[in-house]
Structures are given as C-alpha cells and as structure tokens.
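S.K.: The following comprises the amino acid sequence and a computationally predicted model.
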Amino acid sequence: MDFTCVGIDVRQWPWSGPFNADETGWERNEGRFSQLMADLGLWQNEYQLLEVGSEQISDVLRLVSSWSDCALLAVEYPSEIVRTRDLRLGVHTASFSVESNRFTCRGLDVCDFSGLFSVLHHPDIASARDGTHLFKPDELLPALELLQFANVLDPSHAPFAVARLWSSK
C-alpha cells in the first residue's frame with residue numbers, strides 16, 4: 001500500500017509515553033506549532049496538521065532541530081484515500097517524501113480520518129491489545145482488521161484509516 005504525507009504536527013520532546021497520532025496521547029507543543037506557522041508562513045490544513053510541501057520541509061527540519069523541546073510528527077494516510085478526498089473537496093494536499101528526509105518510522109495507528117483520534121486509546125481495544133502501542137510498520141493487515149472493527153465500535157469518529165507515523169527525533 002502506498003502512503004502520502006498529509007502534514008506534520010509539532011509534539012513534545014523528549015517523550016516517554018506511547019507514540020500515536022492523537023495529541024491527547026502524545027502532546028502537541030502549541031508554542032512551537034504557532035512559532036513554525038509564524039516564522040515560515042505555514043498554515044493548518046483540513047487534517048488539523050501543518051501543511052508542508054517538499055520545498056518547505058528542509059527549512060522546517062532545520063528550525064525544529066535547533067529546538068530541544070519538540071519533535072515533528074509526520075502523518076501519512078493511504079495515497080488512494082488522500083487522492084479521492086482531494087478530488088471530492090477540490091483541494092490539493094501538499095506533501096513531501098518522509099523517508100528521504102531522515103524521519104524515523106514509529107509504526108501504524110488507526111485513527112479517525114479528519115481528527116486523528118486514535119482508536120488505540122479506546123478502553124475495549126487497549127485492554128484487548130494489552131496497551132495503546134502502535135502496530136509495527138509490517139503489521140498492516142492487523143491494523144486494517146482493527147480499522148474494520150473501529151468503524152463499528154465507535155461510529156461517532158468513523159471513518160477510521162490506518163495512519164503511518166514518522167518522527168524527526
């Protein structure tokens with residue numbers, strides 16, 4: 001499955017808890033998020049992430065690497081879902097190659113498509129999986145199976161999607 005980066009977030013660092021897409025699980029660094037927007041002219045996109053294209057990512061990485069209190073979280077969704085949503089809404093999601101920009105893959109999350117609410121925090125799912133940890137990058141099939149269950153278990157946050165998460169630190 002191909003993935004497309006739909007934006008970045010600025011999260012607290014160092015971080016001792018589980019990595020995930022949900023900012024209630026891995027807290028956003030609001031000050032640095034706002035500073036990146038102001039300093040580099042970035043904006044928050046429809047995914048509630050900073051819209052960053054390939055022409056901007058090196059400036060973003062350079063600035064964030066000089067700060068010890070935060071790390072970038074890059075969120076990728078399946079490319080076909082992003083493409084279909086862009087066509088339906090008449091938008092173009094800016095993207096960059098996460099792998100070629102020295103990010104570390106943290107794993108796969110299952111979250112609602114527009115709000116990044118991680119279903120891994122749901123009490124029934126967390127107890128069944130023995131924690132809120134991400135799926136390993138090669139565990140796509142189990143993540144897709146959980147996605148099917150999540151759409152039934154929590155319809156208020158549906159539709160859910162598998163998100164591949166990367167961090168800059």
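M.R.: That came through fine.
S.K.: going forward, measure contacts between C-alpha atoms and count neighbours the same way
M.R.: OK.
S.K.: What distance do you get for the residue nearest the centre of the chain to R129?
M.R.: Nearest to the centroid of the C-alpha atoms of the chain, with distances taken as C-alpha atoms, centre = their mean, sits V75, at 2.9 Å. If you measure V75 against R129 using C-alpha to C-alpha, to the nearest Å, the figure is 22 Å.
S.K.: Equivalent analysis for M1, please.
M.R.: Applying C-alpha to C-alpha to M1 and R129 gives a distance of 24 Å.
S.K.: Please apply the same query to R102.
M.R.: In this structure, R102 and R129 are separated by 30 Å, where distance is defined by C-alpha to C-alpha.
S.K.: ok, now I57?
M.R.: I57 sits 35 Å away from R129, going by C-alpha to C-alpha.
S.K.: who's more crowded, the two?
M.R.: For I57 and R129, the more surrounded residue by other C-alpha atoms under 10 Å is I57, and the numbers stand at 18 against 11.
S.K.: lowest average confidence, helix or strand, in this structure?
M.R.: One helix or strand of the chain scores below all others by mean pLDDT, DSSP states H and E: helix 123-129, with a mean of 84.
S.K.: Touching that one from outside, list them.
M.R.: Counting contacts by C-alpha atoms under 8 Å, 6 or more residues apart in numbering, the residues outside helix 123-129 that touch it are V119, L120, T132.
S.K.: The first one: neighbouring residues, count only.
M.R.: Around V119 sit 27 other residues, with neighbours defined as other C-alpha under 10 Å.
S.K.: same deal with the second one?
M.R.: Using other C-alpha under 10 Å, the number of residues around L120 comes to 26.
S.K.: so when I look at I8, I'm seeing a helix, right?
M.R.: No - going by DSSP: H, G, I helix; E, B strand; the rest coil, the assignment for I8 is strand, not a helix.
S.K.: Spatially, what comes nearest to it if we skip its sequence neighbours?
M.R.: By the measure of C-alpha to C-alpha, 6 or more residues apart in numbering, the closest residue to I8 outside its immediate chain neighbours is A74, 4.4 Å from it.
S.K.: Over to E46?
M.R.: S114 (7.2 Å).
S.K.: again, but for D86
M.R.: Excluding the flanking residues, the one nearest D86 by C-alpha to C-alpha, 6+ apart is H92, at 5.6 Å.
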